[in-house]
Structure formats: structure tokens, C-alpha cells
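Asks: how would this look folded up:
(4 chains)
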There are 4 protein chains.
Amino acid sequence: MRTVKIGFIGCGRMGKLHMANLINSVPGAEVVAVSDPYIDTNGGREWCQQRGIPNISDSYENVLNDPQVEAVFVCSSTDAHCPMSLAAVKAGKHTFCEKPITYDVPQILELQKAIEEAGVKFMVGFNRRFDHNHKAVAEAVKRGDIGDPHIVTVSSRDPEPPTMEYVAVSGGLFYDMMIHDFDMVRYVTGAEALEISAVGSCLVNPKLQEESGVPDVDTAVVTMKMDNGCIAVINNSRQAVYGYDQRVEVFGSKGMVSDGNDLHSTAAIMTVDGCRTEKPLWFFLERYTQAFIDEVASFVDAVANDKPVETGVVDGLIPVLMAKAATESCRAGGKFVKVERP
Amino acid sequence: MRTVKIGFIGCGRMGKLHMANLINSVPGAEVVAVSDPYIDTNGGREWCQQRGIPNISDSYENVLNDPQVEAVFVCSSTDAHCPMSLAAVKAGKHTFCEKPITYDVPQILELQKAIEEAGVKFMVGFNRRFDHNHKAVAEAVKRGDIGDPHIVTVSSRDPEPPTMEYVAVSGGLFYDMMIHDFDMVRYVTGAEALEISAVGSCLVNPKLQEESGVPDVDTAVVTMKMDNGCIAVINNSRQAVYGYDQRVEVFGSKGMVSDGNDLHSTAAIMTVDGCRTEKPLWFFLERYTQAFIDEVASFVDAVANDKPVETGVVDGLIPVLMAKAATESCRAGGKFVKVERP
Amino acid sequence: MRTVKIGFIGCGRMGKLHMANLINSVPGAEVVAVSDPYIDTNGGREWCQQRGIPNISDSYENVLNDPQVEAVFVCSSTDAHCPMSLAAVKAGKHTFCEKPITYDVPQILELQKAIEEAGVKFMVGFNRRFDHNHKAVAEAVKRGDIGDPHIVTVSSRDPEPPTMEYVAVSGGLFYDMMIHDFDMVRYVTGAEALEISAVGSCLVNPKLQEESGVPDVDTAVVTMKMDNGCIAVINNSRQAVYGYDQRVEVFGSKGMVSDGNDLHSTAAIMTVDGCRTEKPLWFFLERYTQAFIDEVASFVDAVANDKPVETGVVDGLIPVLMAKAATESCRAGGKFVKVERP
Amino acid sequence: MRTVKIGFIGCGRMGKLHMANLINSVPGAEVVAVSDPYIDTNGGREWCQQRGIPNISDSYENVLNDPQVEAVFVCSSTDAHCPMSLAAVKAGKHTFCEKPITYDVPQILELQKAIEEAGVKFMVGFNRRFDHNHKAVAEAVKRGDIGDPHIVTVSSRDPEPPTMEYVAVSGGLFYDMMIHDFDMVRYVTGAEALEISAVGSCLVNPKLQEESGVPDVDTAVVTMKMDNGCIAVINNSRQAVYGYDQRVEVFGSKGMVSDGNDLHSTAAIMTVDGCRTEKPLWFFLERYTQAFIDEVASFVDAVANDKPVETGVVDGLIPVLMAKAATESCRAGGKFVKVERP
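Replies: Now for the predicted structure:
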């Protein structure tokens, strides 16, 4: 197996997570360059040095100009995802970009064009496609175990709400949180949404709009008419007090497949008070630990062996279009809105 | 405990079911009169004689005029539910009416007025409220175990579609099938729907509309904005090949409660092919066997001990109003329609 | 279907249970005679009159001499099971005898001989063979789903201990309680025990032996070498505070089949404290409600249609031999004792 | 946190597993020396070089003489576990020894004395104590959730039998396989076995004894009288065709706690054939992946912070004494044998 030499733009939480996974768990990957504008003040330089990474700097250009670097991970702040990806692609590097690329559709289209011209691999980080549970659901549907999908239900709930500061700049629940679930519906059905209806409320925090200063919601249900006739429903809450709740159910002409949450343990305690079992794992870093490893391994494999990536630029684009339609529908009281393709 | 003497109008499948349950399983109930226009040709007379019922006839008037009869069960054909109930109520009898009372709102209002004037008990047969699983969900919500409800999901799927003849006269999926689920949402939340959006397709039988001659659907998703702020979703299919699938999930500010289907057995067989467990019970008569007993026992208890009934005429009315809104929404492509209260 | 006319000897708890099941739930069964020495003082006569049973008396001879009676249920006090069965069989009646027939082996052998001579059906009431869960386990083994059985585990625990008075005359845990589990091992394996080792303690009530005046135990584990090579283990406790715990697991060359307890409901409540589900049903009358119905229906079917009974006199005999070996082993500190066949 | 510098004796499967875990997942651990007599022919030298380990040799003395090395992992062939541990302890190194130390009791006692004299940490590798499921069971018992333990059941089955060559030198099922389960019973009860009865058969391979040349079994059940009065049962099979089956149940005065296997995914597929879920993970490397990490992290923590080890030399000794008693009992037909303490 040949080694893929990798550079990182961004050495924050996600950058370190991906680097550690590549170093510890992905044979054939080598991290050779890292940049972060704050690398000398956020402890990033020391972290990289301990792992023997040679090229460490505060400028992304040092990564893109490093001739050793074959592939780049863009793990910068969200607003830099798209310009950094564009720069990496134009530098001829295979590129992995954390989600979301951007919420600005023309920018994504520009990136898409650049990828085609450069002939490089581009992957966007929808980690949930690599989760063992969701993958088993998707594969059962693909194998035809449940026939044609008729009704899809995605339940996706965070354990605790973000700060009001975060909400203010997040783009709103449909862009920031449900975007993963839009991708999940596409993943498990292999179909595209034609029209979307969204309803939402501020039930977790009735003062959400006032406190955040934006017209956001914290509880939402979205219904989608898919192009294969099936109906998909997503429900989101910013606060499931019992932990990160991530479940998918696909009902079809020949049966149903569904998954459940991973638990801390399988232990069951039976007493006069009933039977007590564990809660779901607390949040995405616990639930998707292995998925994050498999995600970057999949990208390295695509680069090393010239295979198609699991989630390309189009997969980064379409959920943004879906979030756009959902946001519009929610503000209009739930009427169905077409998902416009550029 | 005093004995409640009961007369039946209708000796078909549901009439016999309720009678057998009253006779075998409800102490304090005695069936003393039965009428059915076809009692001499459908084997009803013999069936009643074997159970020692004294007053057997082909005319409902013989039931209403029987001075022994304190309470009447209306288990006639659907179109006679409302007029027979009205006659029973006007005759001063406590009345149990199989669902639906009627889909005609003014008739229900007339019945409601008659009930008030007569001062009798009136109960409509929403058997699912007496199911041990759904009841446990409703009670957990009522106890406050999960806090305020935020998102409700009702999955309700029949094992096989009805005949086209039945579909043609059924009033459509929202009236005929989802009406139970409208009641379930009211039951588990204690809240009322303000607006309803419905989308539906013919996925089980793409020729459904053509073959039945009516604009019906066999797969539907309904979203409701409830008056306590929570969002409720119902999904229906006319065909779950694995059996009768009836599940409820209520997610709230302090947790989540959900139920599952009853199974033939708890046996699990683990082999090289994985672990195999049982399917849900096949249809409502299996799943709701005990619920039907508890339902009629509840009515007898209300009559004998002058308690309020579990599901009164208003509970028969409101799901009809919800079905009306859902039907209108579905035909209009899913826009939210207000539930109009008369 | 022809009607089987039935007489009862004994109108206590089990007698009433079987009668009610026959009357309410077994088409083709008719209870025509009942006797009980205390029928005029324990409310039995009134109970029978309400159900229209014509021949009610305080003498079992009135049942056996009733020419209408084709089959007899012996539900007397335990010590009369065998003599009453013997009398019924000698009177030419098909006989259902509540378990245990007796713990006296020669008496069972005498009964066995009488049954053969009379050519009547004789069934002993091991109700658990008719439980939907255990039956599914036995059928999976019989179908070969798990190959040859290698290791069998039967967990069988009562919700609360009996009174000391009962313990004093019960014959001890191995006769009184584990006898059902000995039958269960035979049922699910189709094999016979060659040697038995038993260990037991007084853990529920350390003063059990002192208070009851007999050398009994309340917690026991029995290991059996079966004639097909497999090893079977039974564990018993007189007190599972969470309810009646009845589970069977059969592990074999091609897999494993196991069952679980029936629960009050499938509801699951998830909160910050974890997930809470229901306890098992409280005791045998709840858990085996349907099994008791199916048991008597099976006997009536055997009589009406001349089929073999599910559990004959040999099935009543062998668990007694097993209990004998277990009792001896337990008193000898757990050494293996042969199951002696007379 | 200070760094613990570690040397390895043995660079086979377990050595590499522990090294990789220490390097990738245990902050504060550094592997600085490795020896293996076959290091130049089994690829070990290259493997270590890739990980930047400086001191690589074919002689364990190079590890013990390395002044940097503070702690030693003994992962040699089984027969060298005890002498290598003894040498490491005498060299003043904290020592982690893979299980089993040895089956020779006097040697363990000699090692125990040496450990006391050297005043070093010594830990034996019972990885299952670090499994999230078993740990949750043990902790529930320790917290008192289930009161006093009365009946313990450990089911422990391998997915496939070892080779006959392995069986011939393994010491037999009770030493080689059940030794983990003996430790598990001690772990979850906190109690010691007084007497042990063992029965076993060759059911997986009826020719096992003939082919292996030793009087071993492949299916066994062991019953133990514990010093707190509770009764513990272990069942072992060399072949569970559905995968590695590792479950523990503790029943007590206030309830029951039990665990189940980890599965590949939580996906459930419901069709006309029933509901299909996943099999257990295939073998110990999959099931105990995280447990192996937590095990070595626990040792490093004990060394770095001078805490007691989780499983000391006594925990290595006692299961050997239990295996000895079980082996003797099995050969004597199952009579109870005392666990003799030296």
C-alpha cells in the first residue's frame, strides 16, 4: 500500500481529531504539514511537534506549496471552508472539506467547476454515512431487503442547545443541524427531495429568537416528497436531555429497517422499580468515534487507489439547497417549497 | 356490584366480539336483548340462543323498547351508527357506539344535543385507548415523566389493504384509518390540533384511484401543529407486510416515552444468519384482544357507578374534524389547513 | 365439533380457573358436574349455579357416577390428586389431573396400570408447556434450528416465598417448585436426565429450616447429565423481588434459542436517569393466563378427537423421580445421584 | 502527567496489540524497548522501527538492563510468562504479565514473594474486567443495586474451537478458557469459591480426546459454592457458531443485573420472515478492543500515580487454583472438590 502524504489547514478540534485518527488508525496515511493562523497561541504547534509533523506554520500557503502534500484536509473555521477548499483544489491537491462547504450556492458551484478542471478528488465530511448503524440501514435498503421505500423517519436530537452566540451566526437549525439529516435521507433512500415542508417552534427555549436575535427555531419537523414517490420526515430537537438521539427508520413494500442508538453498556438492572438500561452516548464525538476514523480512511483509500469518494461536492451542495427550501417553508408557515436545483 | 343489563343493535363481527367479551369477561354485565335485521339469515339468532340471551329479534325497536335494557351497544353497519345512537339516546339508554359515529358533522352535533338532553352516558369505541402499551405511554406523559411534549410520532400501518369495494365507500384513508391515530395524538398529548398538513401517495397500489374510483391514497404522512406548541406526525400505510404495526413515541422536555408492538412470543433464535425474533401480531383483533375487553368493561363501569366515560361524543367528533382538514390538505398538495370547530 | 361433557372434583382456585376457561374459551367443552367437600361453605355452589352447572354436590362420587360426564378434572387438594384420579380412571373417565399427581412413586405406577387397563386419556397439568414463549423455544429445537442441544439453562424464580406452613408440607423446593422445571428440560430437549447434582441454600430466609421445621432450601441450582450428552442447569429462587422470572435458553451445535418474560407493556421511558422498561408479570396466573386456556383446550381436543395427550402419566412420573434424586443430592452436598427408573 | 517508559518482552500478537494501544491511545506511555527471540525473522524489528522504538533486540536482557525502562510487559510465549515476570520483578521493574502467569502454583508463590520483596507493581492481564458491559454489572453489584448476590450465571463461548495441537498443550478447557470466567465470578461477586463441581463433554468434537491425545472436554458446566453463600454457575463451549458469546447475570436479594453481547450494529430488519438483528461480534479482539486499551491504561495509571493495580498476582493465582479443582472434579464425574489455598 502506498503512503498518502497529507496537509492540514486548521488545527482546531476537528483538525486534531482527523489528524489523530489518520496517525493512529489509518495505515498508509502520513500527516506532513499543518497550518493554522493561531498555531503559536492555541498549543497547536506543540501538539503537532509531539507527533513528529515536519511542516508546521501559521499560513495555509505553506501547506499548499509543500510539494510533498498530495491531499489537504480543510478544517478551518466554517467561513473559510470554501475559499480554502478552492485554493487547495486549484493547487492540484485532493481535498477533504469539513461540512458545510458554505451556505452560498454560487460559491459551491464555482468550487465544483474548479474540481472538475483540476481533476482532483473532493470529499465533504458527512461522518454519519460511516456510522455502523446508519450504514447497516442504508445497505439493507440497497440490497432490497425492504423493497421500495415508502416512508422514511429520521429522528435527530442533540443533547443540549448551543449558545445564543452560536445560534446567531449558525444560519439556523435547518442549515446547521438538519443538514446532516437531509444527507441521511438521501443516503438511505438513494432519492432526491422534490418539495419540502417545514414547521418549527421554540420549545426548548421560548426566548430563543429574542436572545439570539435571529428568527430561528429549536424544534422542527420537516416533510419531504421524494422523487421516487416516498415520503420522508425528519424531526430535530436542540435538546434531548437523555443524550444524543440519532435514529433512522425506512419502511417499504417488503418490510422495514431501523436502527437504534449505541449505549454505554448492555447492562440491564431489574428491581422492584422496573428494568433500567443505559442512555444513548452523550454526543457526536462519542457516538461517531469510529465513523470519524472510517470517514478519513475512506478518503485516503479513494486517493491512494483512485476510487470515487463517498460524498462529493454535489453531496455537499444538495443538502444546502434542501436547507434553503426548509428555511423558506418554515418562515411561510409550512407550505411546500420546491427544492430548486441551480 | 350491581348488574347492567345490555341490549345490542347489530350482531355482526363487532357485535359478537363485544357480546362475548361482556359475557365472558365483564362481571356485572348481562346481555339481555339483541337485534339485527339479518339475524335469521346470518346465524345470529343461534349464536345468541347458545348464550341464553332472551330477547332476540330483527328489529332494533325491540331492543329499545325492552324495559330491562339499561344500556345499548350500537354495532350496526357504519351508516346506521348515528341514527341508531340517536334513537337509543332518545329512548333514555346509556349508549356505546362503535367508531365512527358518522362523518357528517351536523348529525354528530344533533346527537351531542340529544345526549345532553337525555342525560345518559355515551361512549364511542376508540379501543386503542385501552391498549396496555398506548395506555402506558399516555400515563407516563400525564405523570409528567417526559415533561412537556415537543414532538409526537404515531406509526400506524395495517397488514394488508382493504378491497377496492371497501375503499370506494370508506370515506378515504384519513376518515377510515387515520381517525384512530388522530384520537391517539389527542390521547397521549391531551392537546388539540390547530392546523393539519397531509401528504399522501398510492405506493402500495399505484392503481388505487383508478380501481377504487375515488381520490384516495394508501400511504400518508400528516403533520399537526398542536395547541400546546408541540408538533405531531402520523404516518399510515395500508400494507406493512410484516403485520399490524402500531407504535407511539412522545418526546418532551424531560425525556421520551415510546412503545412497541406485541409479539407472538419472546423467543429469539441466534444462528450464523443472525438473531431472529417474532413479527408483530397480525391485525387489530390479535393486537387489541384485551383492549376490547377493557373498553367494554370501562363502559359498564361508567354506567354502573356513574363515572365519566373515557371517550365521549366530543372524542367522536373531533377526529372527524381532523380527518376533514387532512383530506382537504392532501388534495391541496399538503398546505396547512385549520381544524374548524363547529 | 362434538361436545365433551366434563365433571370437576375440586372447586378451589385451580378448579374455578379451569372451569372458567373451559366455559368461556373452549368451544366444545361443557361443565356438567362439580363436587367439592366444602362446596356449601366456600361459595362454590353459588359460583357454579351462576354458570348454570346442573350437578353440584359435596361428594366426588356424584361426579363419577354422573353418566353424562365423559371427562373429569381432578383439582382437589394435592394429597387427593392420585386417589381421585385413580377413582376417575377406574370409573372409565378421561382424566385431567392437576400437578403433582403425588410424590409417591408406587401410587403413580398403580395409576399408570389402571390407565392402561381402562384405556382412557390421562393428562397431567404441566401448564408451562402451553406457554407461547416456552413452546416457541421447544419448537425451534424440534425443528432443528439450533442443531443438537449442548447446554440448557432454565431460570425459574417466584416473586415471593410461600408461608412456612406451606413449606412444611410442600415436600421441599425440588418437589414443589422445581418439578415444573424438570418437566421443562424434558420438554425443550426431548431428552432424559441420567444423573443429577443439586446444591441449595437458605438465602432468601436464613431461618427457613428453623421456621419451617423441614430441611428445605429457598435457592437452588441443579445440574443434569442428559442421555443425549447435553448438560442442563436449573436455577430456582423463592423470591425474585421484580416478579415471576421464567426463562429458558437452549444452546446447541447450530445456534441458540432463548425466551424472555412477558411484560405489562412495551413502553420505554428514557430520561436523564436512563431507560426504564417494565418488570415481568407478577406471578403464574398472570404469566400463564393463556397457557392455562390452551392446556385445557388441548385436553378437550385429545378427548374429542382421540388424539394423544401432551403430558401423560409418564410425564407426571419422571419429574418426581428427578425431584427425588435432586433432594438426595442436595442433602448429600451436591454429589451426582442417578435418576432411578422403577 | 509524567511519562512511563515501557519495555516489551515478546513481540507477537498480544505484544503488538498492547504496544499499539499504548502508543495510540494511552497518553503518558512511551514504548522504548522491545525484545523477542524471533524479532529478526517474524517482522517484529521492522514493525517496531516504524513506530520509532529505539531499543529493539532478540534478548529480553536488553529490555531489563535498559535503565530507561520503568515498566515491563511480558507478552512472551505462555511457558515463559512466569520466568520472564520473575526476572523483570527482580530487575526492579513494574510488570504487566499476560494471563496465565503459569499453571504451576509454587512458581506463582515464588513470584508473589519476589514482588513483595521488590516492592513493584505487578498486574495480570484479565482484560474482561475492563469490558464496559461486565464492568457495569460489577459496579451495579458493588453499589448494592441488586442486594446480596444469590445466583450467578456466566455464559462464555468461543466462536470456534482451537486446533488439536493447541488443545494438546493448553492444559485443558478449565485452565485455558474457563480461567477468565473464574476471574469474572470473583470480579462480579467479590466472593471466593469454596468448592467446585465440574461436568464436561466432547459435544463439539466427539473425537476431541482421541485427536488431541489429552483428556479434555469442549463443553462444560461448573457450579461453585461461594464463601458468601451464593451459588455460581459457569457454562463454556468451544464453539458458538453465531460468534463470541460472553454474558453475565447476577441475581440477588434486591434484583438482577445482566449484560448482553455487543453487536455489529443496532439495525433491525423486519419482513414477512420476522425480525432479524445482528450476531455478536466474532471474537475477543473485536469484543474486547476497548477493554484492551483500558487495561493497559489502567496499568500505566497505577505505575504513574502509585495506585493499586486492578488485578494483582493473587488474582492470577486463585483462578489457577479454581481450574485445578474443576479439572479434578470433572475427571471424578462432577463431585464437589475444595479449592485448596496454599
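Asks: Tell me the residues of chain A that contact chain B?
Replies: Counting by C-beta under 8 Å from any C-beta of the partner chain, the residues of chain A close to chain B are A:148, A:150-151, A:153, A:155, A:157, A:195, A:197, A:199-201, A:203-204, A:219-221, A:223, A:225, A:229-231, A:233, A:235, A:237, A:239-242, A:245, A:251, A:253-256, A:333-336. For glycine as for every other residue, the C-beta is placed from the backbone atoms N, C-alpha and C.
Asks: Just give me the residue closest to the centre of chain A.
Replies: Geometric centre of chain A, nearest residue: A:F126, 3.2 Å, by C-alpha atoms, centre = their mean.
Asks: quick one: contacts for that one?
Replies: A:K99, A:H180, A:D183, A:Y187, A:T311, A:D315 (C-beta atoms under 8 Å, 6 or more residues apart in numbering or on different chains).
Asks: For it, give its distance to C:C230.
Replies: Distance, A:F126 to C:C230, using C-beta to C-beta, to the nearest Å: 50 Å.
Asks: try A:H81
Replies: 62 Å.
Asks: The residue of the stretch 101-250 of chain A found nearest chain D is in what secondary structure piece?
Replies: The nearest approach of the stretch 101-250 of chain A to chain D comes at A:A136, 3.6 Å away (C-beta to the nearest C-beta). Using DSSP states H and E, A:A136 maps to helix A:132-143.
Asks: so what secondary structure elements neighbour that helix?
Replies: Under the contact definition 3 or more C-beta pairs under 8 Å, 6 or more residues apart in numbering or on different chains; DSSP states H and E, helix A:132-143 sits against helix A:179-189, strand A:245-252, strand A:255-258.
Asks: Adding mean neighbour count and mean pLDDT, write the ones you listed out as JSON lines.
Replies: Output for the helices and strands packed on helix A:132-143, formatted as JSON lines (neighbours: other C-beta atoms under 10 Å in any protein chain shown; pLDDT from 0 to 100):
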{"stretch": "helix A:179-189", "mean neighbour count": "24", "mean pLDDT": "98"}
{"stretch": "strand A:245-252", "mean neighbour count": "24", "mean pLDDT": "98"}
{"stretch": "strand A:255-258", "mean neighbour count": "24", "mean pLDDT": "98"}
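Asks: These: which one's closest to A:G213?
Replies: Among those, helix A:179-189 comes nearest to A:G213, with 21.5 Å by C-beta to C-beta.
Asks: Tell me what angle the closest one forms with helix A:132-143.
Replies: When axes from the mean of the first three to the mean of the last three C-alpha atoms, to 10 degrees is applied, the directions of helix A:179-189 and helix A:132-143 differ by 40 degrees.
Asks: Can you tell me what sits against helix A:179-189?
Replies: Against helix A:179-189 from outside (C-beta under 8 Å, 6+ apart): A:99-100, A:126, A:128-129, A:134, A:137-138, A:141, A:149, A:152, A:154, A:156, A:191-193, A:222, A:224, A:226, A:228, A:230, A:232, A:234, A:236, A:248, A:250, A:311, A:315, A:318-320, A:322-323, A:326.
Asks: One more: stretch A:145-153?
Replies: The contact list for stretch A:145-153 (C-beta under 8 Å, 6+ apart) reads A:140-141, A:185, A:188-189, A:191, A:226, A:228-235, A:248-257, B:153, B:155, B:201, B:203-204, B:219, B:221, B:235, B:237, D:269, D:271.
Asks: can you give me the helices in the stretch 151-300 of chain A?
Replies: A:164-169, A:173-176, A:179-189, A:208-212, A:284-287, A:289-304 (DSSP state H, counting those that start in this stretch).
Asks: Of those helices, which shows the lowest average pLDDT?
Replies: With a mean of 90, helix A:284-287 has the lowest mean pLDDT of the helices of the stretch 151-300 of chain A.
Asks: Now that one: buried residues?
Replies: A:F284, A:R287 (16 or more other C-beta atoms under 10 Å in any protein chain shown).
Asks: just how off-centre is that helix within its chain?
Replies: What separates the centre of helix A:284-287 from the centre of its chain is 12 Å, taken as C-alpha atoms, centre = their mean, to the nearest Å.
Asks: Can you name the residues bridging to the closest residue to A:A240 other than its chain neighbours?
Replies: Distances taken as C-beta to C-beta, 6 or more residues apart in numbering or on different chains place A:R157 nearest to A:A240, at 3.7 Å, with adjacent residues excluded. Legend: beta-bridge partners of A:R157 under DSSP bridges are A:S237, A:D245.
Asks: Name all residues that make contact with A:R157.
Replies: Contacts of A:R157 (C-beta under 8 Å, 6+ apart): A:N235, A:N236, A:S237, A:R238, A:Q239, A:A240, A:Y244, A:D245, A:Q246, B:F251.
Asks: thinking again about what came up before, using TSV, lay out the helices and strands packed on helix A:132-143 together with distance to B:Y60.
Replies: Formatted as TSV, the helices and strands packed on helix A:132-143 follow (distance: least, C-beta to C-beta, whole Å):
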stretch	distance to B:Y60
helix A:179-189	52
strand A:245-252	42
strand A:255-258	44
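Asks: hmm, the lowest-mean-pLDDT helix or strand in chain A in reach of chain C?
Replies: Lowest by mean pLDDT, DSSP states H and E among the helices and strands of chain A is helix A:284-287, with a mean of 90. No - applying C-beta under 8 Å from any C-beta, one finds helix A:284-287 separated from chain C by no less than 15.2 Å.
Asks: what residues does that helix touch?
Replies: By C-beta under 8 Å, 6+ apart, the list of residues contacting helix A:284-287 reads A:L17, A:N127, A:D131, A:Y244, A:Q246, A:N261, A:D262, A:P280, A:L281.
Asks: Out of the contacts of A:F126, flag the one nearest to B:R2.
Replies: A:H180 (61.3 Å).
Asks: That closest one and chain B: what is the separation?
Replies: Separation of A:H180 from chain B (C-beta to the nearest C-beta, to the nearest Å): 17 Å.
Asks: swap in A:M270?
Replies: A:M270 is 15 Å from chain B, by C-beta to the nearest C-beta.
Asks: And for that residue, the neighbour number?
Replies: If you count neighbours by other C-beta atoms under 10 Å in any protein chain shown, A:M270 ends up with 27.
Asks: swap in A:E139?
Replies: So A:E139, with other C-beta under 10 Å, has 14 neighbours.
Asks: A:C275 versus that one, what's the distance?
Replies: According to C-beta to C-beta, A:E139 and A:C275 sit 31 Å apart.
Asks: What residues does A:G10 make contact with?
Replies: Going by C-beta under 8 Å, 6+ apart, A:G10 touches A:S35, A:D36, A:F73, A:V74, A:C75, A:S76, A:S77, A:A80, A:M84, A:E98.
Asks: go with 6 Å
Replies: A:D36, A:C75, A:S76 (C-beta atoms under 6 Å, 6 or more residues apart in numbering or on different chains).
Asks: Repeat that for A:I231.
Replies: Taking C-beta under 6 Å, 6+ apart as the definition, contacts of A:I231 comprise A:I151, B:V199, B:V221.
Asks: how about a cut-off of 8 Å?
Replies: So A:I231 contacts A:H150, A:I151, A:V152, A:T223, A:M224, A:K225, B:V199, B:S201, B:T219, B:A220, B:V221, B:N235 (C-beta under 8 Å, 6+ apart).
Asks: partners of it in the sheet?
Replies: Under the criterion used here (DSSP bridges), A:I231 is bridged to A:I151, A:K225.
Asks: Look up the pLDDT of it for me, please.
Replies: In this model, A:I231 carries a pLDDT of 98.
Asks: quick one: it from B:L203, how far?
Replies: 9 Å.
Asks: repeat for A:P27
Replies: 46 Å.
Asks: So these two - more neighbours on which side?
Replies: The neighbour comparison of A:P27 against B:L203 (other C-beta under 10 Å) goes to B:L203, with 24 against 10.
Asks: May I have the phi/psi pair for that one?
Replies: phi -100, psi -30 (degrees, to the nearest 10).
Asks: my guess is it contacts A:M226, does it?
Replies: No - using C-beta atoms under 8 Å, B:L203 is not in contact with A:M226, being 10.9 Å away.
Asks: got a list of what the residue of chain A most remote from its centre touches?
Replies: Note on chain A: the largest C-alpha distance from the chain mean falls to A:V272, namely 42.7 Å (C-alpha atoms, centre = their mean). A:V272 is in contact with C:V241, C:Y242, C:K279, D:K254, D:G255, counting by C-beta under 8 Å, 6+ apart.
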